[in-house]
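>>> A predicted structure for the sequence below; I have some questions about it.
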Amino acid sequence: MMLLFVSLTTIASMAVQSKAQLLGGLQEMPVYTNSNIAFALLDSFEYTFDISGTQIFPNDTIKNTIATDYRPSVYNISSLQYEILGHTINASDVQIHVQPTRIDDINTRLDFQIYANSAQVTGELLSKSYNNLEITSTYGIYNRATDNMTIHVPYSAALTIIGR
């Protein structure tokens, strides 16, 4: 019983530190306190949805640069529409920053940031408009065989978009 108490006390005292150092101080990582533990847990879980490659890539040249040559790219598309957590997002004048990584001969991981000059978020109980919407912390897995991408958005980022 005493060992359990000492272990719990040690864990509790480590959870309130502001930073943890790894590798002899070469790298620092935040340790989550009670005030932000809920958002840390939300970041551990992702909302996923599928989108057509024709909607995310404006042309075959950009698609090949990213998904075949694996070169980072920044490009613009006039509009982007998708559904997230039961809400439809219509964004216009969109700029996408992509950092690709080869997974295998068919799949490519795309880490990206999306910037939209304007966006409409509509759902059964919500209707909002945004200027200068920024979506970060997202990635997609693009499959060249199906020309589809599965987008992964942390719940904390998704809730920020629909709950601002």
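Nice, I can see it.
>>> how close does the closest residue to Y75 other than its chain neighbours get to L125?
Spatial nearest neighbour of Y75, excluding adjacent residues (C-beta to C-beta, 6 or more residues apart in numbering): I62 at 5.4 Å. Glycine gets a C-beta too; all of them are placed from N, C-alpha and C. I62 is 37 Å from L125, where distance means C-beta to C-beta, to the nearest Å.
>>> ok, back up a step: so the residue nearest to Y75, which of the three states?
helix (DSSP: H, G, I helix; E, B strand; the rest coil).
>>> Comparing I62 and L125, which shows the higher neighbour count?
I62 (18 against 8; other C-beta atoms under 10 Å).
>>> gap between the more buried one and G123?
31 Å.
>>> and if you look at F45?
F45 is 20 Å from G123, by C-beta to C-beta.
>>> Of those two, give the one with the bigger neighbour count.
G123 (15 against 10).
>>> residues in contact with that one?
By C-beta atoms under 8 Å, 6 or more residues apart in numbering, G123 lies in contact with L85, G86, H87, T88, I162.
>>> Which ones among those lie within strands?
Judged by DSSP state E, strands contain the following of the contacts of G123: H87, T88.
>>> Identify, from the contacts of G123, the entry nearest to Y75.
Set against Y75, the nearest of the contacts of G123 by C-beta to C-beta is T88 (23.2 Å).
>>> burial measure for that closest one, as a count.
Count around T88 with other C-beta under 10 Å applied: 12.
>>> Run through the residues that contact it.
So T88 contacts Q81, Y82, V121, T122, G123 (C-beta under 8 Å, 6+ apart).
>>> Over to T68?
R144.
>>> That one and I62: what is the separation?
From T68 to I62 the distance is 11 Å (C-beta to C-beta).
>>> Next: I135.
19 Å.
>>> Please enumerate the strands of this protein.
Going by DSSP E, the chain shows strands at 19-22, 27-30, 46-52, 73-84, 87-102, 107-122, 127-143, 148-154.
>>> closest one to P58 among the ones you listed?
strand 73-84 (5.1 Å).
>>> Just checking: what are the partner strands of the closest one?
strand 87-102 (antiparallel) (DSSP bridges).
>>> Can you list the buried residues in the strand it pairs with?
H87, I89, A91, V94, I96, V98, P100 (16 or more other C-beta atoms under 10 Å).
>>> For stretch 113-128, what does the pLDDT average out to?
Averaged across stretch 113-128, pLDDT comes to 84.
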